[in-house]
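> just coords:
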């Protein structure tokens with residue numbers, strides 16, 4: 001019998017090499033090279049492949065129409081989507097294990113089942129397990145069909161037969177195509193399965209949601225091309241120690257990216273939080289040093305968050321700089337700027353900064369609140385409780401303007417806060433902001 005030719009494929013970036021190595025030469029990941037059977041040519045893949053005899057046409061002759069969107073019934077989810085799901089679109093939803101991906105999609109499937117047939121493909125759990133969850137969520141619907149299968153060609157036959165208005169695939173890492181000689185979850189399988197589902201959804205006009213696993217670093221497991229194939233990528237964030245979940249848009253061909261929605265985890269599933277600012281600030285301590293209200297923007301949505309800082313004398317020779325919710329490198333720059341411009345000897349102190357609630361903030365407007373919280377904690381004097389702050393800090397200590405300032409101010413006033421104006425340099429923080 002002729003021996004099959006094998007190749008080692010990096011499960012992180014897809015790099016291929018005939019010899020095994022402990023570290024991928026392309027992306028530098030350790031232990032990511034996995035042996036797979038190399039198949040030079042696939043003459044017949046599946047019956048779903050159809051030929052197209054179209055030819056290029058001028059864009060002026062193509063009939064354009066408005067997007068055919070369908071409301072899910074969850075207002076916050078529809079807003080992140082851009083107004084509802086688009087018929088025939090394929091969306092990838094990722095997140096940490098146990099964060100609520102399957103629960104949320106089962107809720108969505110139940111709402112769509114009121115309008116037509118929905119196929120929920122469970123490749124990880126048994127139908128009985130899904131039924132138990134559906135009973136707890138109140139999602140028992142006649143049109144909600146559960147199918148436990150890993151073979152994507154078998155699943156495609158059921159999709160062709162049922163012709164659902166919505167299909168959920170849970171998860172992409174456990175599905176496989178039999179003509180690809182590699183294990184489920186490999187780079188080849190994930191890439192081809194995603195392309196298979198996308199082709200099927202576009203051809204039949206079926207809205208599809210795909211569940212994706214994440215790596216220990218928090219990135220989506222599988223090749224980067226997975227995110228390029230699908231129409232939209234969404235991610236659940238949040239600490240499982242809290243009762244809320246943050247649903248964030250990473251990519252969206254039918255709406256803006258960076259949009260955010262907040263949901264609260266309850267016994268009956270995820271419930272939307274209409275006013276996240278009030279939700280995040282309801283347990284904020286009053287008149288405590290080191291606590292500041294930050295008027296931020298997530299996508300196009302204003303959001304008030306609490307930023308806390310703790311400055312304490314260093315025990316060891318090298319002071320600690322720890323950050324949760326903001327970039328640690330950015331914290332080091334802010335600390336160095338505060339130390340030089342205000343003359344505070346932070347080289348002798350440990351500095352800890354936390355954005356309360358587990359929210360991750362990437363925008364530079366958080367610089368001023370972080371600096372103010374550090375100064376407040378160092379002097380043990382609270383920030384005036386009615387103030388909300390935002391602003392970018394330069395290396396010379398100047399406070400710069402940021403985007404959507406009017407929207408931030410409106411959100412602050414709606415929740416009873418006043419936005420501080422007129423601060424041009426961080427040296428003004430002790431005089432203008434501290435009690």
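Cool, the structure landed. From a predicted model like this one, the values you see are computed outputs, not experimental measurements. Numbering: from 1, shown residues only.
> okay, now residue 402: neighbour count?
Other residues within reach of residue 402, judged by other CB atoms under 10 Å, total 19. All C-beta atoms are positioned from the backbone trio N, CA, C, and that covers glycine.
> now do the contacts for the closest residue to it other than its chain neighbours.
Nearest non-adjacent residue to residue 402, counting by CB to CB, 6 or more residues apart in numbering: residue 365, 4.1 Å away. Contact analysis of residue 365 by CB atoms under 8 Å, 6 or more residues apart in numbering lists 294-297, 390-392, 402-403, 408.
> surely residue 365 forms part of a helix?
Yes - counting by DSSP: H, G, I helix; E, B strand; the rest coil, residue 365 is located in a helix.
> distance of it from residue 294?
Residue 365 sits 8 Å away from residue 294, going by CB to CB, to the nearest Å.
> do the same with residue 399
From residue 399 across to residue 294, the span is 14 Å (CB to CB).
> these two: which has the busier surroundings?
residue 294 (29 against 22).
> how close does the nearest residue to that one once chain neighbours are set aside get to residue 263?
Closest residue to residue 294 apart from its sequence neighbours, by CB to CB, 6+ apart: residue 369 at 4.1 Å. As judged by CB to CB, residue 369 and residue 263 stand 25 Å apart.
> ok so, going back, model confidence for the residue nearest to residue 402, exactly?
Listed pLDDT for residue 365 reads 95.
> got it, and residue 356?
pLDDT, residue 356: 89.
> on that earlier part again, so what's in contact with residue 365 and residue 294 at the same time?
Joint contacts of residue 365 and residue 294 (CB under 8 Å, 6+ apart) are residue 390.
> circling back: among residue 369 and residue 263, which residue is more densely surrounded?
Taking other CB under 10 Å, residue 369 and residue 263 do not tie; residue 369 has more neighbours (30 against 24).
> tell me which element residue 197 is part of?
Assigned by DSSP states H and E, residue 197 falls within helix 187-204.
> tell me what that helix is packed against?
Where contact means 3 or more CB pairs under 8 Å, 6 or more residues apart in numbering; DSSP states H and E, helix 187-204 is packed against strand 6-10, strand 90-94, helix 152-162, strand 207-212, helix 225-229.
> lowest-confidence stretch among those?
For these, mean pLDDT drops lowest on strand 6-10, to a mean of 83.
> quick revisit: how much space between the residue nearest to residue 402 and residue 428?
17 Å.
> before we move on, what about residue 414?
According to CB to CB, residue 414 and residue 428 sit 26 Å apart.
> and if you look at residue 330?
Per CB to CB, residue 330 is found 21 Å from residue 428.
> again with residue 321
According to CB to CB, residue 321 stands 24 Å off from residue 428.
> those two: which is more packed in?
Taking neighbours as other CB under 10 Å, residue 321 and residue 428 compare with residue 321 leading, 17 against 14.
> please name the residues that touch residue 108.
Applying CB under 8 Å, 6+ apart, the residues near residue 108 are 72, 74, 77, 166, 168, 209.
> of these, which is the nearest to residue 112?
Taking CB to CB as the measure, residue 112 lies nearest residue 166 of those, at 4.4 Å.
> returning to what we had before: show me which of the contacts of residue 365 are buried.
Listed as buried from the contacts of residue 365 are 294-297, 390-392, 402, 408; burial here means 16 or more other CB atoms under 10 Å.
> reformat those residues as JSON lines; add pLDDT, distance to residue 122 and secondary structure.
JSON lines is the format used below for the buried ones among the contacts of residue 365 (pLDDT from 0 to 100; distance: CB to CB, whole Å; DSSP: H, G, I helix; E, B strand; the rest coil):
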{"residue": "294", "pLDDT": "96", "distance to residue 122": "41", "secondary structure": "strand"}
{"residue": "295", "pLDDT": "94", "distance to residue 122": "42", "secondary structure": "strand"}
{"residue": "296", "pLDDT": "93", "distance to residue 122": "37", "secondary structure": "strand"}
{"residue": "297", "pLDDT": "91", "distance to residue 122": "37", "secondary structure": "strand"}
{"residue": "390", "pLDDT": "95", "distance to residue 122": "44", "secondary structure": "coil"}
{"residue": "391", "pLDDT": "95", "distance to residue 122": "48", "secondary structure": "coil"}
{"residue": "392", "pLDDT": "96", "distance to residue 122": "46", "secondary structure": "strand"}
{"residue": "402", "pLDDT": "93", "distance to residue 122": "45", "secondary structure": "coil"}
{"residue": "408", "pLDDT": "93", "distance to residue 122": "43", "secondary structure": "helix"}
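> flag the shaky bits of the protein, pLDDT-wise.
Applying pLDDT under 70 to the chain flags residues 1-4, 38-54, 63-67, 240-241.
> domain assignment for this protein?
6-37, 69-274, 279-432 (automatic domain parsing).
> redo these as CSV? Include distance to residue 61.
Shown next, in CSV, are these (distance: least, CB to CB, whole Å):
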stretch, distance to residue 61
domain 6-37, 38
domain 69-274, 21
domain 279-432, 34
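> what residues of stretch 75-84 count as buried?
Those would be 76-82, 84, for stretch 75-84 by 16+ other CB under 10 Å.
> again, but for stretch 25-34
Buried residues in stretch 25-34, counting neighbours by 16+ other CB under 10 Å, are found at 32-34.
> these in strands, which ones?
33-34 (DSSP state E).
> of the buried residues of stretch 25-34, closest to residue 285?
Using CB to CB, the buried residues of stretch 25-34 come closest to residue 285 at residue 32, 45.0 Å.
> OK, contacts around the closest one?
With the criterion set at CB under 8 Å, 6+ apart, residue 32 makes contact with 10-13, 24.
> and with 6 Å instead?
By CB atoms under 6 Å, 6 or more residues apart in numbering, the contact set of residue 32 is 10-12, 24.
> taking these, tell me the two that lie furthest apart.
The most widely separated members of those, counting by CB to CB, are 11 and 24 (8.9 Å).
> can you give me the strands in the stretch 51-200 of the chain?
Using DSSP state E, counting those that start in this stretch, the strands assigned to the stretch 51-200 of the chain run over residues 69-70, 85-86, 90-94, 118-122, 144-147, 166-170.
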